[in-house]
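Engineer: build me a model from this:
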Amino acid sequence: MKHLHRFFSSDASGGIILIIAAAVAMLMANIGVTSGWYHAFLETPVQLRVGALEINKNMLLWINDA
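Structural biologist: Sure, this is the predicted structure:
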């Protein structure tokens, strides 16, 4: 627990997590078994509704527009 606290307290922790997430995503997209799951996840519809405002996009568009 002490190691996790120290890791997340460091300035580099966000960058390290981002690099690991990108590497995992590239592996999942290119390995035959997980490729279908990865692409299905990216096509998952996500809806945001606040009052009369409604935004419907798939997960890939939310990720790219973030």
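Engineer: for the residue located most distally from the centre of the chain, what are phi and psi?
Structural biologist: The outermost residue of the chain relative to its centre, with distances by Cα atoms, centre = their mean, is A52 at 27.6 Å. Phi and psi for A52, reported as degrees, to the nearest 10, are phi -80, psi -10.
Engineer: could you find the closest non-adjacent residue to P45?
Structural biologist: N58 (5.7 Å; Cβ to Cβ, 6 or more residues apart in numbering). C-beta: built from backbone N, CA, C; applies to glycine.
Engineer: from the chain's centre, how far out does stretch 35-47 sit?
Structural biologist: Its chain's C-alpha centre and that of stretch 35-47 lie 11 Å apart, by Cα atoms, centre = their mean, to the nearest Å.
Engineer: W62 and I55, how far apart?
Structural biologist: Distance, W62 to I55, by Cβ to Cβ, to the nearest Å: 9 Å.
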